[in-house]
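Visitor: got a predicted model here, sequence first, then my questions.
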Amino acid sequence: DVKVTQSSRYLVKRTGEKVFLECVQDMDHENMFWYRQDPGLGLRLIYFSYDVKMKEKGDIPEGYSVSREKKERFSLILESASTNQTSMYLCASSPGWGSYGYTFGSGTRLTVV
Amino acid sequence: AQKITQTQPGMFVQEKEAVTLDCTYDTSDPSYGLFWYKQPSSGEMIFLIYQGSYDQQNATEGRYSLNFQKARKSANLVISASQLGDSAMYFCAMRTNFGNEKLTFGTGTRLTIIP
């Protein structure tokens, strides 16, 4: 069964900490995405990547960075966590152009205190 | 820019009734795809159905069908014979060629099925 695995289901961090959210897919997918989900706002794209070492800003990249050193792994980094980054973070992957086979991870609920 | 609008924040429906969840979209790209996802309380995003902009027929998948009205830019999800397990958040999403494979989501509709 194809899978996108997010390393933590729940995470509590302190304001100012550097936070790493990890996402691994086992489907050899080209594209990977990080979304943030907030009530009433739906899912908003933070960053995405088409290939190793490639990254593109999404709609809300401020306060975040990403890393994709290997095809299967896409990391989201909060350089200095703030309380307004408390949210559900969802990772997704897709095979490539024109496919509708997006697969999502189960999410990481991050609380910044 | 791409935009998805879901105007129903919440809906309550009697079990076994049909449900229509509304979705309108806006894009200038002639080639696009429309998606519906279900998110139960456990949090995972479950793909339900896909409609391509050039598809001649409305998509169907079991109890799910997509009422695609291209001229009105609407892509409503219809669930026939609703079940208690259909209670969840439902998201409409769009991908366009201009958007480079990323999905743009609506704000979602929380569907509650009443026994």
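Guide: It's in.
Visitor: switch to C-alpha atoms for all contacts and neighbour counts from now on
Guide: Fine.
Visitor: and chain B, which residues reach chain A?
Guide: Counting by C-alpha under 8 Å from any C-alpha of the partner chain, the positions of chain B adjacent to chain A are B:9, B:43-45, B:47, B:50, B:91, B:101-102, B:104-108.
Visitor: scan those and report the most crowded one.
Guide: Neighbour counts for the residues of chain B next to chain A peak at residue B:108, which has 31 neighbours (criterion: other C-alpha atoms under 10 Å in any protein chain shown).
Visitor: just the element for the closest residue in space to it that isn't next to it in sequence, please.
Guide: Leaving aside its sequence neighbours, residue B:108 sits nearest to residue B:91 (C-alpha to C-alpha, 6 or more residues apart in numbering or on different chains; 4.5 Å). Residue B:91 is part of strand B:88-96 when elements are defined by DSSP states H and E.
Visitor: run the chain-centre distance for that strand.
Guide: 5 Å (C-alpha atoms, centre = their mean, to the nearest Å).
Visitor: quick one: contacts of that strand?
Guide: Contacts to strand B:88-96, defined as C-alpha atoms under 8 Å, 6 or more residues apart in numbering or on different chains, come from residues A:42, B:2, B:4, B:6, B:23, B:25, B:27, B:29, B:31-41, B:101-112.
Visitor: circling back to that earlier point, so what's the residue nearest to residue B:108 scoring on pLDDT?
Guide: You'll see residue B:91 listed with a pLDDT of 97.
Visitor: ok and the residue in chain B nearest chain A?
Guide: residue B:107 (3.8 Å; C-alpha to the nearest C-alpha).
Visitor: how about that residue, secondary structure?
Guide: When classified by DSSP: H, G, I helix; E, B strand; the rest coil, residue B:107 comes out as coil.
Visitor: which residue packs closest to it, ignoring adjacent ones?
Guide: residue A:42 (3.8 Å).
Visitor: which bits of chain A sit near chain B?
Guide: Neighbours of chain B within chain A, by C-alpha under 8 Å from any C-alpha: A:33, A:39-45, A:48, A:96-98, A:100, A:102, A:104-107.
Visitor: before we move on, what SS does residue A:93 have?
Guide: On the basis of three-state DSSP, residue A:93 is classed as strand.
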